[in-house]
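1. I need the structure of the sequence given here:
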Amino acid sequence: MTGFRLSYGGAQEYFGITPDLTTLGKIIGGGLPVGAYGGRREIMEMVAPAGIMYQAGTLSGNPLAMTTGIHTLKRLKEPGTYEYLDKITGELVQGILDAGKKTGHAICGGFYRGMLEEGVYFAPSQFEVGFTSLALSSEDIQKTIAAAEKVLSKI
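-> Numbers count the residues shown, from 1 in each chain. Got it, this is the predicted structure:
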């Protein structure tokens with residue numbers, strides 16, 4: 001689930017581990033439906049044509065997904081990318097928590113509906129993960145925090 005969110009080498013680079021198998025989802029397709037996996041030689045040699053396990057997919061090698069994936073990976077390699085993501089994520093989390101404290105509320109179910117009404121689309125369940133992206137500007141983060149404070153002041 002972390003893909004390239006923590007570092008260009010993924011969680012395995014960030015935490016300094018060497019996995020038996022790495023799986024990547026939509027991030028390698030720039031958000032489009034595609035996935036990939038890779039691992040130790042003895043595992044990968046089990047996959048056809050070298051091995052007995054057959055693997056195929058409807059969207060395997062889809063040109064659009066591969067093109068958007070390449071551009072996403074290029075963007076992630078730009079200097080300052082991960083520092084920016086860390087910065088806006090921290091601002092967003094702290095801003096929403098501060099808005100909750102300021103208005104005397106913990107984050108609750110009514111918060112999600114209120115944010116939707118303010119044009120901020122969080123995941124439909126409070127138990128789902130939400131991630132920031134490079135598409136978000138500091139202005140977007142500030143608008144989201146302002147919306148959170150507005151919603152929380154009404155609850």
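2. Secondary structure element for the closest residue to K102 other than its chain neighbours, which one?
-> In space, and not counting its chain neighbours, K102 is closest to E149: 6.5 Å by CB to CB, 6 or more residues apart in numbering. Placement of C-beta: from N, CA and C, glycine included. Using DSSP states H and E, E149 falls within helix 138-154.
3. Okay, buried residues for stretch 22-39 please.
-> L24, K26, I27, I28, G29, G30, L32, V34 (16 or more other CB atoms under 10 Å).
4. The fourth one: what secondary structure?
-> The one in question is I28. helix (DSSP: H, G, I helix; E, B strand; the rest coil).
5. neighbours around the nearest residue to it once chain neighbours are set aside, how many?
-> Distances taken as CB to CB, 6+ apart place G69 nearest to I28, at 4.6 Å, with adjacent residues excluded. Neighbourhood size, G69 [other CB atoms under 10 Å]: 21.
6. which residues sit in contact with G69?
-> I27, I28, G29, G30, L32, V34 (CB atoms under 8 Å, 6 or more residues apart in numbering).
7. From Y84, how far out is the fourth one?
-> Right, G30. 18 Å (CB to CB, to the nearest Å).
8. Kindly report the same for the second one.
-> Applying CB to CB, one obtains 21 Å for the distance of I28 from Y84.
9. I'd assumed T22 was in a helix, is it?
-> No - T22: not assigned to a helix; according to three-state DSSP it is strand.
10. That one reaches R40, doesn't it?
-> No - the pair formed by T22 and R40 falls short of the contact definition of CB atoms under 8 Å, at 10.0 Å.
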